[in-house]
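1. pasting the structure only:
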């Protein structure tokens, strides 16, 4: 799981239990569309 997350923290207290906190930053739609545009430009470069 750690490889998919931006940060993982584990806190354990004897008698109380363990707390695992996993954080992942979700990309904004604008960033995703920019990535798709960059990928299509790369495809054009390699196919030309």
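-> Yep, it's here. Values in this document were obtained by computation on a predicted structure and should not be read as measured data.
2. Next, residue 3: secondary structure please.
-> helix (DSSP: H, G, I helix; E, B strand; the rest coil).
3. Let me see the ranges of the helices in the chain.
-> With DSSP state H, the ranges of helices along the chain come out as 29-47.
4. Where does pLDDT dip in it?
-> Residue ranges of the chain with pLDDT under 70: 1-2, 28-48.
5. Next, count neighbours for residue 24.
-> Other residues within reach of residue 24, judged by other CB atoms under 10 Å, total 9. C-betas here are computed from N, CA, C, even on glycine.
6. That one reaches residue 8, doesn't it?
-> No: taking contacts as CB atoms under 8 Å, residue 24 lies outside contact range of residue 8: 9.7 Å.
7. how far away is residue 27 from residue 6?
-> Separation of residue 27 from residue 6 (CB to CB, to the nearest Å) stands at 11 Å.
8. ugh, wrong one, I meant residue 14
-> From residue 14 to residue 6 the distance is 29 Å (CB to CB).
9. okay, those two: which has more neighbours?
-> More crowded of residue 14 and residue 6, by other CB under 10 Å: residue 6, with 9 against 5.
10. Ramachandran angles for the more buried one?
-> Main-chain torsions, residue 6, degrees, to the nearest 10: phi -80, psi -30.
11. ok, it - contacts?
-> 23, 24, 25 (CB atoms under 8 Å, 6 or more residues apart in numbering).
12. What of residue 24?
-> Taking CB under 8 Å, 6+ apart as the test, what residue 24 contacts is 4, 5, 6.
13. Among those, find me the one that's closest to residue 18.
-> Nearest to residue 18, judged by CB to CB, of the contacts of residue 24 is residue 5 at 16.5 Å.
14. I appreciate the help and will end here.
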